[in-house]
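Trainee: This is a predicted model, with the sequence first.
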Amino acid sequence: MTGTSSTAGISAPAASLAAAMRAVATGVRNAARAAVRLWRSSLQVRVAATTFVVTTAVVLVIGIFLTDKVSSGVLRAKQDAAVSLAKVGLESARPVLANVDAGVDADVTDALQQITSSLTASGRSAGLFSIAIETPSVTTGTTPAGTIPARLRRTVQTGCCLAVQYAPVRSQPESPQLVPGLIVGEPVPARGGLFELYYLFPLTAEQQTLDLLQRTVLLAGLALVLLVVGIAVLVTRQVVRPVRVAGHKAAQLAAGDLSQRIAVRGADDLAKLGSSFNDMAASLQRQIRRLEDLSRLQRRFTSDVSHELRTPLTTIRMATELLFAERKDFPPELARSTELLRDELDRFEALLTDLLEISRYDAGVARLEAETTDLRNVVWSAVEAHRMLAQRHGSALDVRLPDRPVLVEMDARRVERILRNLLANALDHGEGQPVEVTVGDDDGAVAVTVRDHGIGLRPGEAGLVFNRFWRGDPSRSRLTGGTGLGLAISLEDARLHDGWLQAWGQRGRGAQFRLTLPRHAGQSLTSSPLTLDPDEDAS
């Protein structure tokens, strides 16, 4: 029990930490995605960000350059003043240290006071400074010997020349605080040995000046960057806003609102863009209205002609049937003409029927009368209707139906018409090879494929077979005498069911058409129970 409690006590904080880390990671990813979307979608953001980066880089380079130049100038002036003071101090120190014994601390201290007084009285001061005299055995002044850098001491002890080095020094003679400083050392030969004379200059004032300069450059640079970015945002807004308005109007125009126009102000380039957009929109509106009027007239003409032809066609049908019934008493040539007249009249009636049906779809008056039906019955009815045609072509019909009922909410008349058109097309182009009809279903959809092994389709023709009056090979002899509207009507019937009607084909390998319908009316399709490409089934 104790062990279990301990494990739970340890795992709970770990789980909380892991959940917190996941939440943070998710927040970071979401923020990154939002930033990427904003970067891609907003020209104004990209211009502002680019201006900020470029301006910051330029200001940074200029600021570093100016700060470096000013710092170098200030330190060079300080160093020149310190060296000048050291040269004056050398002239004062030589006579004072000439007779001083380096081993007597009191004599060295007195000499240091005299040199300091002499330099102060000369009026040639390089600012606040202190002096130290050192020998290999004695150190005087207010600075310990350890404060003087060893490298500087070695240079001075050579006795060759004056030496300068930047190193920390005391801010005040009695203060233990070290500040940046400048140390100037020079050798002073004397009877009692070689003395090392050092001048220690605190750079506190110079450091304050440089700090003030850096703050000023930083604040000025930041203000300049913000100012330039603000100007860039303002200028970009003046350019982007009309473009956004044009894009919004173009989207509305593409959605079908042909009355959209851009308000034009002024005579600049953006105003010319708005005027050109308005002219284009007006031209499109005129052309689309003209095409709509022509399409409306065409649909009305097709519908009117189809209806008007019904009456004389009925009379012709009655006369033709009378002649056809009496053809045995006619001479052979007249009897054959009577048979041809009846066949062509059948084709003409089929064409009128298809024209009337397609005109209903064009007018948007087609309605779906859906009811739950077993798809197998509809498929079998379409197959039986084409048995005689299959025998004329010499093709076998291979039907593959599930053992269980395939219930679908559909308009059985329209679905059977689709299957009849697909079967007639497959038999007509199947070259006497078997035609396979397969039914498949899943939880959300049902599908029927009609496969032939005839001449097939050329590349790109799978998207053309549903066009009105399109034929892949007009020179072919057709037994069915189709109108050229069957597949176009079938596609409209499938769309009325919110379904798919698709084609696949390869030259010399045949073609396959797939009809996919949702099980329930009004549902959207996401997939099909059967594949469109037969090669996928084979694999």
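Mentor: On my side now, so go ahead. Numbers count the residues shown, from 1 in each chain.
Trainee: number of nearby residues for the residue lying closest to residue 259 once chain neighbours are set aside?
Mentor: Distances taken as Cβ to Cβ, 6 or more residues apart in numbering place residue 285 nearest to residue 259, at 7.6 Å, with adjacent residues excluded. (C-beta placed from N, C-alpha, C; glycine too.) Using other Cβ atoms under 10 Å, residue 285 is surrounded by 16 other residues.
Trainee: host element of residue 285?
Mentor: According to DSSP states H and E, residue 285 maps onto helix 269-325.
Trainee: sorry, back to before: distance-wise, check the residue nearest to residue 259 relative to residue 258.
Mentor: 4 Å (Cβ to Cβ, to the nearest Å).
Trainee: How about residue 339?
Mentor: From residue 339 to residue 258 the distance is 55 Å (Cβ to Cβ).
Trainee: More neighbours: these two, which one.
Mentor: Neighbour count, other Cβ under 10 Å: between residue 339 and residue 258, residue 258 has more, with 15 against 12.
Trainee: Now for the more buried one: which residues touch it?
Mentor: Residue 258 sits next to 281, 284-285, 288-289 when contact means Cβ atoms under 8 Å, 6 or more residues apart in numbering.
Trainee: Quick one: which of the residues you listed is the most crowded by neighbours?
Mentor: residue 281 (20 neighbours).
Trainee: Now that residue. Nearest residue, chain neighbours left out?
Mentor: residue 253 (5.7 Å).
Trainee: ditto for residue 470
Mentor: That would be residue 464: by Cβ to Cβ, 6+ apart, it lies 5.4 Å from residue 470.
Trainee: do the same with residue 420
Mentor: Per Cβ to Cβ, 6+ apart, closest to residue 420 is residue 382, 5.0 Å.
Trainee: Next: residue 155.
Mentor: residue 163 (4.2 Å).
Trainee: now that neighbour: how far from residue 79?
Mentor: 12 Å.
Trainee: picking that back up, wait, what's in contact with the residue nearest to residue 155?
Mentor: Taking Cβ under 8 Å, 6+ apart as the test, what residue 163 contacts is 152, 155-156, 184-186.
Trainee: Which one of these is nearest to residue 216?
Mentor: residue 184 (30.0 Å; Cβ to Cβ).
Trainee: Mind jotting down where the helices sit in this structure?
Mentor: Using DSSP state H, the helices of the chain run over 2-41, 43-97, 105-122, 150-157, 204-254, 269-325, 332-363, 375-385, 387-393, 412-429, 486-496, 534-538.
Trainee: Now mean pLDDT too, for these, in JSON lines please.
Mentor: Converted to JSON lines, these look like this (pLDDT from 0 to 100):
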{"stretch": "helix 2-41", "mean pLDDT": "71"}
{"stretch": "helix 43-97", "mean pLDDT": "84"}
{"stretch": "helix 105-122", "mean pLDDT": "68"}
{"stretch": "helix 150-157", "mean pLDDT": "84"}
{"stretch": "helix 204-254", "mean pLDDT": "83"}
{"stretch": "helix 269-325", "mean pLDDT": "78"}
{"stretch": "helix 332-363", "mean pLDDT": "77"}
{"stretch": "helix 375-385", "mean pLDDT": "92"}
{"stretch": "helix 387-393", "mean pLDDT": "88"}
{"stretch": "helix 412-429", "mean pLDDT": "90"}
{"stretch": "helix 486-496", "mean pLDDT": "87"}
{"stretch": "helix 534-538", "mean pLDDT": "70"}
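Trainee: Next, the angle helix 332-363 makes with the helix holding residue 285.
Mentor: Between helix 269-325 and helix 332-363, the angle comes out at 150 degrees (axes from the mean of the first three to the mean of the last three Cα atoms, to 10 degrees).
Trainee: what angle do helix 269-325 and helix 204-254 make?
Mentor: Using the same axes, to 10 degrees: helix 269-325 against helix 204-254 is 30 degrees.
Trainee: Would you confirm that residue 310 contacts residue 352?
Mentor: Yes: using Cβ atoms under 8 Å, residue 310 is in contact with residue 352, at 7.1 Å.
Trainee: Name the residue in those two with the higher neighbour count.
Mentor: residue 352 (17 against 12).
Trainee: I'd say the more buried one and residue 312 touch.
Mentor: No: using Cβ under 8 Å, residue 352 is not in contact with residue 312, being 11.1 Å away.
Trainee: Look up how far residue 186 lies from residue 195.
Mentor: 9 Å.
Trainee: got the buried residues for the top strand by length along the chain?
Mentor: Ranked by residue count and defined by DSSP state E, the top strand of the chain is strand 178-190. Buried residues in strand 178-190, counted by 16 or more other Cβ atoms under 10 Å: 181-188, 190.
Trainee: Could you do stretch 488-501 as well?
Mentor: Buried residues in stretch 488-501 (16+ other Cβ under 10 Å): 488-494, 496-497, 499-501.
Trainee: do the same with stretch 36-49
Mentor: 44-45, 47-48.
Trainee: who's in contact with residue 414?
Mentor: Contacts of residue 414 (Cβ under 8 Å, 6+ apart): 368, 493, 496-497.
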